[in-house]
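Visitor: Next one to model:
(chains A and B)
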There are 2 protein chains.
Amino acid sequence: MPGKKPAIDRVFHALGDPMRRAIVERLSAGPISVSQLAEPLDITLAAVVQHLQVLEESGLVKTEKAGRVRTCSIDPAGLSAAAQWILDRRSMWERRLDRLGELLAEPDES
Amino acid sequence: MPGKKPAIDRVFHALGDPMRRAIVERLSAGPISVSQLAEPLDITLAAVVQHLQVLEESGLVKTEKAGRVRTCSIDPAGLSAAAQWILDRRSMWERRLDRLGELLAEPDES
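Guide: Okay, here's the model as predicted:
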């Protein structure tokens, strides 16, 4: 099971590129073919394919070939892994603030 | 105001490195000095300082100097920006699934 989780390194690295984020953004609105995806992006089809490969390997995008058309869609695994990592850090940090708040609220016994 | 928001490129790029994530993880438990931070990481102080610079520029970490000691702490701005970007995509994607569900639930009038 742990082998199936997207490697968090790859997910964040993939999302660090504005073109790849634009692809994730576009696919969040629904699945489309690789050529439809490339059209408004103003980069070569080869570049789109390369970005898609990075996104696929990081668990952010899925592609499926039917006949001669390859369709891309969002893979929720990658975004979930990234969100979970951030939320885990945030809850650690908030727990710490809560503890600090409790300490400050305690009556001063000195 | 938009100039004050952490650039999302930088945030995701910063989080794509396992050492920088380890630093964010450690600081989520509470602020510490640069040298305390470097101790268990098994890298040089210079490398830690370099990672901290990237983290600071991306709005993930704050550092503050008091006398000769520089203390590092989590800057919530960076993590919030990353979380917001992911949640925005997810809600787009979920709305689409909801619409699809509604369409499928409609009585078949054909």
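Visitor: Residue numbers of chain A in contact with chain B?
Guide: A:8-9, A:12-13, A:15-18, A:21, A:24-25, A:28-30, A:74, A:76, A:79, A:82-83, A:85-87, A:89-90, A:92-93, A:96 (CB under 8 Å from any CB of the partner chain). C-beta: built from backbone N, CA, C; applies to glycine.
Visitor: Who's the closest spatial neighbour of A:Pro31, skipping the chain neighbours?
Guide: A:Ser73 (3.6 Å; CB to CB, 6 or more residues apart in numbering or on different chains).
Visitor: Look at that neighbour and give its secondary structure.
Guide: Here A:Ser73 is recorded as strand under DSSP: H, G, I helix; E, B strand; the rest coil.
Visitor: Would you double-check that A:Glu94 falls in a helix?
Guide: Yes: assignment of A:Glu94 by three-state DSSP places it within a helix.
Visitor: any idea how far it lies from B:Leu27?
Guide: A:Glu94 sits at a distance of 14 Å from B:Leu27 (criterion: CB to CB, to the nearest Å).
Visitor: which of those two has more neighbours?
Guide: Set A:Glu94 next to B:Leu27 and count neighbours by other CB atoms under 10 Å in any protein chain shown: B:Leu27 wins out with 23 against 12.
Visitor: Look at that one and report its pLDDT.
Guide: You'll see B:Leu27 listed with a pLDDT of 93.
Visitor: element containing it, please.
Guide: helix B:18-28 (DSSP states H and E).
Visitor: partner strands of the helix or strand just after that helix, parallel or antiparallel?
Guide: Next helix or strand after helix B:18-28 toward the C-terminus (DSSP H and E): strand B:32-33. Looking at strand B:32-33 with DSSP bridges, its partner strands are strand B:69-74 (antiparallel).
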